[in-house]
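Visitor: pasted the sequence and its predicted model underneath.
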Amino acid sequence: MTRPVAVCLAVSLAVSLGVIVLGGRAGAEDLPQRKPGLWEMKIARNGSGLPDLTMQHCTDAATDKDMNNVVSPMAKQICAKQVLQKTATGYAADSVCSMGGGTMTAHAEITGDFNSAYTVVTTSHTDVGPTNLRDLTTRIEAKWLGDCKPGQKAGDIVMPGGFKLNVKDAEKLKGLLPKGN
């Protein structure tokens, strides 16, 4: 796998999973736990020129909790602000994070029931990097498909082309992300 493809996959994974584990940050709210089983996530990024991405994630309660425990310390290191608040229609999340020598500001609206389907719409601005990736709107539509497939274990993510990784290996993904100057 080439470095640009690996970085794209790592960033897509971070965006799609990072919002899920935002619970427990500076706001007084936690996101509801997702129903255990196989979730399909369709990710579309407007304005980037990047293709849409569909992946499947096998999860259980322990894995979602573990993801929070892994992502939370990383986020605390790079994010000056992380706030999650309950709204009339779901949740709103705001963050300001330093990555790749710049700053990314993001706002996400999260709706759904976390038992059958949820949607995350994130608008973000980054002050460095390729122009087509500085201002993005990312839409994640997740739906519960049922039990995980035979041979899958909690944490397995199947990306396009059959690329498979387990979120328990998230620490290894840090090496794929661009370094700051």
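Guide: Structure received. Since the structure is predicted, the reported quantities are computational estimates derived from the model, not experimental observations. Numbers count the residues shown, from 1 in each chain.
Visitor: where does pLDDT dip in this protein?
Guide: Filtered on pLDDT under 70, the chain yields the residue ranges 1-29, 67-75, 132, 170-181.
Visitor: which parts of it are strands?
Guide: Listed in chain order, the strands of the chain (DSSP state E) span 37-46, 53-59, 79-86, 91-99, 102-112, 117-126, 135-146, 156-158, 164-166.
Visitor: to residue 30, which of those lies closest?
Guide: Residue 30 lies closest to strand 79-86 among these, at 7.4 Å (C-beta to C-beta). For the C-beta atoms, the positions are set from N, CA and C on the backbone; glycine is no exception.
Visitor: could you list the buried residues of the closest one?
Guide: Counting neighbours by 16 or more other C-beta atoms under 10 Å, one finds that the buried residues in strand 79-86 are 79, 82-84.
Visitor: CSV for those, including distance to residue 40?
Guide: Converted to CSV, these look like this (distance: C-beta to C-beta, whole Å):
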residue, distance to residue 40
79, 28
82, 26
83, 28
84, 24
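Visitor: ok, of these, which one's closest to residue 44?
Guide: For the buried residues of strand 79-86, the nearest to residue 44 is residue 84 (22.6 Å; C-beta to C-beta).
Visitor: measure the closest one to residue 92 for me?
Guide: Here residue 84 is placed at a distance of 7 Å from residue 92 (C-beta to C-beta, to the nearest Å).
Visitor: now the strands of the chain in JSON lines, with distance to residue 30?
Guide: As requested, the strands of the chain are exported to JSON lines (distance: least, C-beta to C-beta, whole Å):
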{"stretch": "strand 37-46", "distance to residue 30": "18"}
{"stretch": "strand 53-59", "distance to residue 30": "16"}
{"stretch": "strand 79-86", "distance to residue 30": "7"}
{"stretch": "strand 91-99", "distance to residue 30": "9"}
{"stretch": "strand 102-112", "distance to residue 30": "12"}
{"stretch": "strand 117-126", "distance to residue 30": "14"}
{"stretch": "strand 135-146", "distance to residue 30": "18"}
{"stretch": "strand 156-158", "distance to residue 30": "22"}
{"stretch": "strand 164-166", "distance to residue 30": "24"}
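Visitor: surely residue 146 and residue 36 touch.
Guide: No - counting by C-beta atoms under 8 Å, residue 36 is not a contact partner of residue 146; they are 10.6 Å apart.
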